[in-house]
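# Following is a predicted model, sequence given first.
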Amino acid sequence: MLRRMRLASVSVGQHGGHVQWGLLLLLSILVTLPLELLHLPAALLLGPMIAAILVAAGEASVRVPQLPFILAQGVIGALIARSLSPSILGEMIHDWPLLLATAFSVILAANGLGYLLARQQILPGTTAIWGSSPGAATAQVLMAAAYGGDMRLVAFMQYLRIVLVAGFASAVARIWLPPAATAAAAIDWFPPVAWLPLTETLAVGWGCVLIAQRLRMPAGALLLPLIVAAILQGMGVLTIELPPWLLAVSYALVGWSIGLHFTRPILVHAGRVLPKVLLSILSLMAICGLFAAILTFAAGIDPLTAYLATSPGGADSIAIIAVSSRVDVPFIMALQTARFLLVVVTGPSVSRFVVRRMGILKEQM
């Protein structure tokens, strides 16, 4: 097996860039299609990322150019902004004490587990924190790279948790609901496009990306389009239009950029820490289940709503489950959104704190 892997590595590495890109595209399609048929969350990003990891393990030399990569981040920032609808913001204002308390509790639990991973030297400090952050997986991966974390290991942790959380949340929902109620809707890849709103969306998103690059803002290619587009949408000035095919291309560019940076030593390290990372993820899921139980008994929220609201990550998959269930969808999305915003705002500070703290611990040792 190892000999065949070495031979495959040489064959991939020796081919030119056009052949490598062709192989990457073909593998991305072959990996993504089954994931889409299984309705796996983030399949459009996971498929290209897995394909890129396979190509990178074969010593491929191709890389995603910087400009397409940051423009893809601008599209994803606008996508996140679109989810911040006025109804969700209204729910956040109405229930802000409960939402903040629950969101902070989940974040503290996740950061605590990340700190343990860093302190036991299972993963580097910043990587452990960004990888353990509950929610906004793509944002965490992109921000980790801007703040000194290992984007590859953060992606490994974040998307592994997404798969586990989404799978378990689907199973929990099926206990309460008949199977037909949780069936996923088919995606219309080429719906009619509102070209003026699309042009305005791209102008805002890509314009903010270029400004962020000019100002050298950390993670600005994602955060500045998110903030500006959300404000303009809330003011009624901008209608965010993002057709599925554009999102697929953007996710593929981000997935390729992450996956092509994987090396064999990184893959070996990921396999070595997998059991402990799995234990950390399952622990966080159990803690969030406890928080859901507290919401049920203390605040009178129905169990399924409470569980979906506190699930640590995979907000898009949680949204799909929620909208097809008899639950309080605005409350679920308000809590998921509040936690996302808090994670994005507090992530850099927590990362810097852990770096300083780990430095003190190393000096004492």
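Great, that's in hand.
# and the helix or strand where residue 127 lies, how far from the chain's centre?
Assessed by DSSP states H and E, residue 127 sits inside helix 125-132. Here helix 125-132 is found 14 Å from its chain centre; the criterion is C-alpha atoms, centre = their mean, to the nearest Å.
# got the contact list for the helix or strand residue 255 falls within?
According to DSSP H and E, residue 255 maps onto helix 244-259. Contact with helix 244-259 is made by 24, 28, 42, 44-53, 55-56, 63-64, 68-69, 71-73, 75-76, 79, 138, 141-142, 151-152, 155, 187-191, 198, as judged by C-beta atoms under 8 Å, 6 or more residues apart in numbering. In this view, the C-beta of every residue, glycine as well, is placed from N, C-alpha and C.
# from the middle of its chain, how far away would stretch 339-350 be?
Its chain's average C-alpha position is 14 Å from that of stretch 339-350, according to C-alpha atoms, centre = their mean.
# Can I get that stretch in PDB? Just the C-alpha atoms.
Below are the C-alpha coordinates for stretch 339-350, written out as PDB (Å, rounded to 0.1, in the frame of the first residue of the first chain):
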ATOM      1  CA  ARG A 339     -22.700  32.500  19.100                       C
ATOM      2  CA  PHE A 340     -21.300  33.000  15.600                       C
ATOM      3  CA  LEU A 341     -20.900  36.800  16.100                       C
ATOM      4  CA  LEU A 342     -19.400  36.300  19.600                       C
ATOM      5  CA  VAL A 343     -16.900  33.700  18.300                       C
ATOM      6  CA  VAL A 344     -15.800  36.000  15.500                       C
ATOM      7  CA  VAL A 345     -15.400  39.000  17.800                       C
ATOM      8  CA  THR A 346     -13.700  37.100  20.700                       C
ATOM      9  CA  GLY A 347     -11.600  34.700  18.700                       C
ATOM     10  CA  PRO A 348      -8.500  36.900  18.100                       C
ATOM     11  CA  SER A 349      -8.400  38.000  21.800                       C
ATOM     12  CA  VAL A 350      -8.800  34.400  23.100                       C
END
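# residues of that stretch that come out buried?
339, 340, 341, 342, 343, 344, 347, 348, 350 (16 or more other C-beta atoms under 10 Å).
# Over to stretch 96-116?
98-99, 102-103, 105-107, 109-111, 113-115.
# if we can go back for a sec, closest one of the buried residues of stretch 339-350 to residue 226?
residue 344 (8.2 Å; C-beta to C-beta).
# measure that closest one to residue 96 for me?
Distance of residue 344 to residue 96, computed by C-beta to C-beta, to the nearest Å: 17 Å.
# In which helix or strand does residue 156 reside?
With DSSP H and E as the test, residue 156 turns up in helix 151-176.
# Show me what whichever helix or strand comes after that helix is packed up against.
Remark: after helix 151-176, the chain's next helix or strand is helix 195-215, criterion DSSP H and E. Packing contacts for helix 195-215, counted by 3 or more C-beta pairs under 8 Å, 6 or more residues apart in numbering; DSSP states H and E, involve helix 66-82, helix 220-234.
# what mean pLDDT would you report for helix 195-215?
Across helix 195-215, pLDDT averages out at 91.
# For the stretch 151-300 of the chain, give me the ranges with low pLDDT.
Applying pLDDT under 70 to the stretch 151-300 of the chain flags residues 163, 166-167, 170-171, 173-188, 218-219.
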